[in-house]
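J.: Need coordinates for the following:
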Amino acid sequence: ALIPSIVLIETISNVIRPGTLSVRLAANIIAGHLLLTLLGNTGPSLSTTLLSLLILAQILLLVLESAVAIIQSYVFAVLRTLYAREVV
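T.: Here you go, the predicted structure:
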């Protein structure tokens, strides 16, 4: 008796999954860029010492952003492969 509802739930899950993965990927990309932009906009109002610390923080965040981008591309590729195997 539960089989039709389980089939419906699984179908909806398979249809929604690519959209949720895309939203998650976009949110991770936008979050880092937004943080870099917000920190960069405070630069003109800082003293020289704080400005040098801000530049160092920006460089560290850029390295972190690059690492996150590499991890996100790997996760995206793996999830895409798993999803393609599941559908076909």
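J.: who are the neighbours in contact with L39?
T.: 54, 57-58, 61 (C-beta atoms under 8 Å, 6 or more residues apart in numbering). (C-beta placed from N, C-alpha, C; glycine too.)
J.: The residue nearest the centre of the chain and S66: what is the separation?
T.: Nearest to the mean C-alpha position of the chain, counting by C-alpha atoms, centre = their mean, stands N28 at 2.2 Å. For N28, the distance to S66 equals 13 Å [C-beta to C-beta, to the nearest Å].
J.: next one: whichever strand or helix holds T37 to chain centre, how far?
T.: Using DSSP states H and E, T37 sits within helix 3-41. Taking the mean of its C-alpha atoms, helix 3-41 sits 8 Å from the chain's own mean (C-alpha atoms, centre = their mean, to the nearest Å).
J.: now the angle between helix 3-41 and the helix or strand following it, please.
T.: Downstream of helix 3-41, the next assigned helix or strand under DSSP H and E is helix 48-87. Comparing the axes of helix 48-87 and helix 3-41 via axes from the mean of the first three to the mean of the last three C-alpha atoms, to 10 degrees yields an angle of 160 degrees.
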